[in-house]
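A.B. asks: Just a sequence and a predicted model for now, questions to come.
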Amino acid sequence: YDGKCVFCRIARREEPGTALLPCEDEDLVCFRDIKPGAPHHYLVVPVKHMGNCKTLKTEHIPLVKRMMEVGKTVLQKNNFSDLNDVRMGFHWPPFCSIAHLHLHVLAPASQLGFLSRIYYRINSYWFIT
(Lines give C-alpha, C1' and ligand atoms only; values in the text may rest on other atoms or scores of the structure.)
Protein backbone atom coordinates (compact mmCIF):
# COMPACT_ATOMS: atom_id res chain seq x y z
CA TYR A 1 0.00 0.00 0.00
CA ASP A 2 1.27 3.44 -0.95
CA GLY A 3 -0.65 6.17 0.88
CA LYS A 4 0.49 8.73 -1.71
CA CYS A 5 -1.01 6.67 -4.57
CA VAL A 6 -4.55 7.73 -5.43
CA PHE A 7 -5.39 4.28 -6.85
CA CYS A 8 -4.25 2.60 -3.61
CA ARG A 9 -6.54 4.95 -1.69
CA ILE A 10 -9.44 4.30 -4.08
CA ALA A 11 -8.93 0.53 -3.77
CA ARG A 12 -9.09 0.86 0.04
CA ARG A 13 -12.26 2.99 -0.23
CA GLU A 14 -10.42 6.01 1.20
CA GLU A 15 -11.51 8.32 -1.64
CA PRO A 16 -15.22 9.02 -0.98
CA GLY A 17 -15.63 10.83 -4.31
CA THR A 18 -14.90 7.65 -6.30
CA ALA A 19 -17.64 5.04 -6.45
CA LEU A 20 -16.45 1.47 -6.94
CA LEU A 21 -18.41 -0.64 -9.39
CA PRO A 22 -19.44 -4.17 -8.41
CA CYS A 23 -16.46 -6.45 -8.97
CA GLU A 24 -16.43 -10.16 -8.27
CA ASP A 25 -12.65 -10.35 -7.86
CA GLU A 26 -11.53 -9.39 -4.35
CA ASP A 27 -8.00 -8.54 -5.59
CA LEU A 28 -9.29 -5.99 -8.13
CA VAL A 29 -11.44 -2.87 -8.11
CA CYS A 30 -13.17 -1.10 -10.96
CA PHE A 31 -14.36 2.49 -11.29
CA ARG A 32 -15.20 5.07 -13.94
CA ASP A 33 -12.38 7.09 -15.48
CA ILE A 34 -12.58 10.76 -14.46
CA LYS A 35 -11.79 11.83 -18.06
CA PRO A 36 -13.79 9.35 -20.13
CA GLY A 37 -12.65 8.76 -23.68
CA ALA A 38 -15.78 6.77 -24.59
CA PRO A 39 -19.37 6.41 -23.33
CA HIS A 40 -18.14 3.50 -21.17
CA HIS A 41 -14.64 4.11 -19.79
CA TYR A 42 -13.63 2.12 -16.74
CA LEU A 43 -10.35 1.43 -14.98
CA VAL A 44 -9.60 -2.00 -13.52
CA VAL A 45 -6.98 -1.74 -10.80
CA PRO A 46 -5.27 -4.29 -8.53
CA VAL A 47 -5.93 -3.61 -4.85
CA LYS A 48 -2.27 -4.38 -4.11
CA HIS A 49 0.04 -1.61 -5.31
CA MET A 50 1.86 -2.59 -8.48
CA GLY A 51 3.98 -0.43 -10.72
CA ASN A 52 2.97 0.43 -14.27
CA CYS A 53 2.70 -2.06 -17.13
CA LYS A 54 6.48 -2.09 -17.62
CA THR A 55 6.75 -4.09 -14.37
CA LEU A 56 4.57 -6.92 -15.74
CA LYS A 57 6.23 -10.30 -16.08
CA THR A 58 5.13 -13.69 -17.39
CA GLU A 59 3.73 -14.64 -13.97
CA HIS A 60 1.33 -11.67 -14.21
CA ILE A 61 -0.52 -13.08 -17.25
CA PRO A 62 -3.31 -14.58 -15.06
CA LEU A 63 -3.73 -11.18 -13.33
CA VAL A 64 -4.04 -9.33 -16.65
CA LYS A 65 -6.55 -11.94 -17.89
CA ARG A 66 -8.61 -11.44 -14.70
CA MET A 67 -8.45 -7.67 -15.19
CA MET A 68 -9.81 -8.11 -18.72
CA GLU A 69 -12.58 -10.42 -17.51
CA VAL A 70 -13.60 -7.89 -14.85
CA GLY A 71 -13.68 -5.21 -17.57
CA LYS A 72 -15.96 -7.33 -19.78
CA THR A 73 -18.23 -8.17 -16.84
CA VAL A 74 -18.56 -4.52 -15.83
CA LEU A 75 -19.44 -3.57 -19.42
CA GLN A 76 -22.12 -6.27 -19.54
CA LYS A 77 -23.54 -5.18 -16.16
CA ASN A 78 -23.78 -1.67 -17.58
CA ASN A 79 -25.81 -2.84 -20.57
CA PHE A 80 -23.00 -2.97 -23.11
CA SER A 81 -22.92 -6.33 -24.86
CA ASP A 82 -20.91 -5.91 -28.10
CA LEU A 83 -17.58 -7.17 -26.83
CA ASN A 84 -16.17 -6.88 -30.38
CA ASP A 85 -16.38 -3.08 -30.04
CA VAL A 86 -14.18 -2.74 -26.94
CA ARG A 87 -10.67 -1.38 -26.49
CA MET A 88 -8.60 -2.45 -23.49
CA GLY A 89 -5.03 -1.55 -22.74
CA PHE A 90 -2.35 0.15 -20.68
CA HIS A 91 -0.56 3.44 -21.22
CA TRP A 92 3.16 2.85 -21.64
CA PRO A 93 5.47 4.96 -19.46
CA PRO A 94 6.12 7.85 -19.51
CA PHE A 95 2.59 8.30 -20.88
CA CYS A 96 0.75 7.02 -17.80
CA SER A 97 -0.35 9.60 -15.26
CA ILE A 98 -0.64 7.21 -12.28
CA ALA A 99 2.20 4.80 -11.43
CA HIS A 100 -0.19 2.04 -10.29
CA LEU A 101 -1.14 -0.64 -12.79
CA HIS A 102 -4.54 0.11 -14.35
CA LEU A 103 -6.32 -1.34 -17.36
CA HIS A 104 -8.39 1.06 -19.46
CA VAL A 105 -11.67 -0.46 -20.66
CA LEU A 106 -13.34 1.68 -23.36
CA ALA A 107 -16.56 1.00 -25.24
CA PRO A 108 -17.86 1.36 -27.81
CA ALA A 109 -14.44 1.74 -29.42
CA SER A 110 -16.20 2.80 -32.62
CA GLN A 111 -17.40 5.94 -30.81
CA LEU A 112 -14.01 7.14 -29.58
CA GLY A 113 -13.61 10.83 -30.35
CA PHE A 114 -10.75 12.21 -32.44
CA LEU A 115 -8.36 12.77 -29.52
CA SER A 116 -9.35 9.50 -27.83
CA ARG A 117 -8.61 7.60 -31.05
CA ILE A 118 -5.08 9.00 -30.83
CA TYR A 119 -4.67 8.67 -27.07
CA TYR A 120 -5.95 5.06 -27.01
CA ARG A 121 -4.53 3.99 -30.38
CA ILE A 122 -4.03 0.22 -30.63
CA ASN A 123 -0.44 -0.85 -29.93
CA SER A 124 0.97 2.61 -30.39
CA TYR A 125 4.14 3.88 -28.79
CA TRP A 126 2.10 5.04 -25.78
CA PHE A 127 -0.82 2.56 -25.48
CA ILE A 128 -0.51 -1.23 -25.55
CA THR A 129 -3.47 -3.54 -25.96
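C.D. replies: On my side now, so go ahead.
A.B. asks: what's near enough to touch the closest residue to Leu43 other than its chain neighbours?
C.D. replies: Spatial nearest neighbour of Leu43, excluding adjacent residues (Cβ to Cβ, 6 or more residues apart in numbering): His102 at 4.7 Å. C-betas here are computed from N, CA, C, even on glycine. Residues counted as contacts of His102 (Cβ atoms under 8 Å, 6 or more residues apart in numbering) are Phe7, Leu43, Val44, Val45, Phe90, Cys96.
A.B. asks: ok, the residue lying closest to the last one once chain neighbours are set aside - contacts?
C.D. replies: Using Cβ to Cβ, 6+ apart and skipping the chain neighbours, the partner closest in space to Cys96 is Asn52 (5.2 Å). Residues touching Asn52, when contacts are defined by Cβ under 8 Å, 6+ apart, comprise Phe90, His91, Trp92, Pro93, Cys96, Ala99, His100, Leu101.
A.B. asks: Return the member of those nearest to Leu63.
C.D. replies: Taking Cβ to Cβ as the measure, Leu63 lies nearest Leu101 of the contacts of Asn52, at 8.5 Å.
A.B. asks: Surely the closest one is in a strand?
C.D. replies: No: with DSSP: H, G, I helix; E, B strand; the rest coil as the criterion, Leu101 is assigned coil and is not in a strand.
A.B. asks: That one - how many residues pack around it?
C.D. replies: 24 (other Cβ atoms under 10 Å).
A.B. asks: could you point out which element follows whichever strand or helix holds Glu69?
C.D. replies: Per DSSP states H and E, Glu69 falls inside helix 61-77. Later in the chain than helix 61-77, the nearest helix or strand by DSSP H and E is strand 87-91.
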